[in-house]
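Undergrad: This is a predicted model, with the sequence first.
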Amino acid sequence: MSHHNHDIEKAEVQATSPHDALGRLHHHPPPPTTIANPGTLGLFSFASTTLILSLINAQARGVSHPNVVLGMAIFGGGLAQLLAGMWEFPRGNVFGGTAFTSYGAFWMSYAMILIPGTGVTTAYATEAELSGALGIYLITWAIVTFFLLIAALRKNVSFIALFFCLTITFILLGAGEFSGSVATSKAGGVVGVITAFIAYYIGLSELLSAEDMAVFRLPLGIFPKRID
């Protein structure tokens, strides 16, 4: 018994987390999974919903009301992304699971704001108060996205570009709500369109990489792994 306790203490000293400490004693690899890569599903769902809303934010074709994105926000960017995130976790992909699940929750929560029956928008006495609340909402997601950008810095160039552009998108949209500047909100829409096409690119790259006889491949700019 004392020898086992000594091993635990030794592992805890050498490890950087309790999970690592237990891993040093019990070498249990992640259970095998037959779940296919859900990355393309999550990325295409995110990209399509982002593209629709961003074009509206940029007031393309004179459209300025975002209600048409409601269905996509619930089922595309919301439910499909949430499922993609849940499928990433058993595959051992903490980053993908966190990102997809988080943005799935974002789109569902955004849909709740748009649905008149929820009473979210009517709860505010003035347009200025509603804009301030939306600004806080958007800046909060800019912070979350910035954290994911930090985690993506050693993954690949495409992910860095995606989360950098998405961070800027949220900041511009939030600033547009705070300042009441239509031009700033339009700029956020334009950057959002760029973000959507980057997500499409990454999703297509993952889809093609899963095919044995793909017509072509799309590079993501993957960094070589460090050997510690």
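TA: It's in.
Undergrad: got the end-to-end distance for stretch 109-122?
TA: 16 Å (C-alpha to C-alpha, to the nearest Å).
Undergrad: Residues touching that stretch, excluding its own?
TA: Residues outside stretch 109-122 that contact it (C-beta atoms under 8 Å, 6 or more residues apart in numbering): 66-67, 69-70, 73-74, 78, 130, 134, 137. Where you see a C-beta, it was placed from the backbone N, CA and C, and this is true even at glycine.
Undergrad: for stretch 89-108, same thing?
TA: Contacts of stretch 89-108 (C-beta under 8 Å, 6+ apart): 30-31, 33, 35, 37-39, 42, 46, 49, 72-74, 76-86, 88, 141, 144, 148, 151-152, 155.
Undergrad: Pull out the CA atoms of that stretch and give them to me as PDB.
TA: What follows is stretch 89-108, C-alpha atoms only, in PDB (Å, rounded to 0.1, in the frame of the first residue of the first chain):
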ATOM      1  CA  PHE A  89     -15.200  14.700 -27.900                       C
ATOM      2  CA  PRO A  90     -15.200  10.900 -28.100                       C
ATOM      3  CA  ARG A  91     -12.600  11.200 -30.800                       C
ATOM      4  CA  GLY A  92     -10.300  12.900 -28.300                       C
ATOM      5  CA  ASN A  93     -10.500  16.300 -30.100                       C
ATOM      6  CA  VAL A  94     -11.000  18.800 -27.200                       C
ATOM      7  CA  PHE A  95     -10.400  21.800 -29.400                       C
ATOM      8  CA  GLY A  96     -12.800  20.800 -32.100                       C
ATOM      9  CA  GLY A  97     -15.400  19.700 -29.600                       C
ATOM     10  CA  THR A  98     -15.200  22.900 -27.700                       C
ATOM     11  CA  ALA A  99     -15.300  25.100 -30.800                       C
ATOM     12  CA  PHE A 100     -18.200  23.400 -32.500                       C
ATOM     13  CA  THR A 101     -20.300  23.100 -29.300                       C
ATOM     14  CA  SER A 102     -19.600  26.700 -28.300                       C
ATOM     15  CA  TYR A 103     -20.600  28.100 -31.700                       C
ATOM     16  CA  GLY A 104     -23.600  25.800 -31.900                       C
ATOM     17  CA  ALA A 105     -24.700  27.300 -28.600                       C
ATOM     18  CA  PHE A 106     -24.000  30.800 -30.000                       C
ATOM     19  CA  TRP A 107     -26.200  30.300 -33.000                       C
ATOM     20  CA  MET A 108     -29.000  28.800 -30.900                       C
END
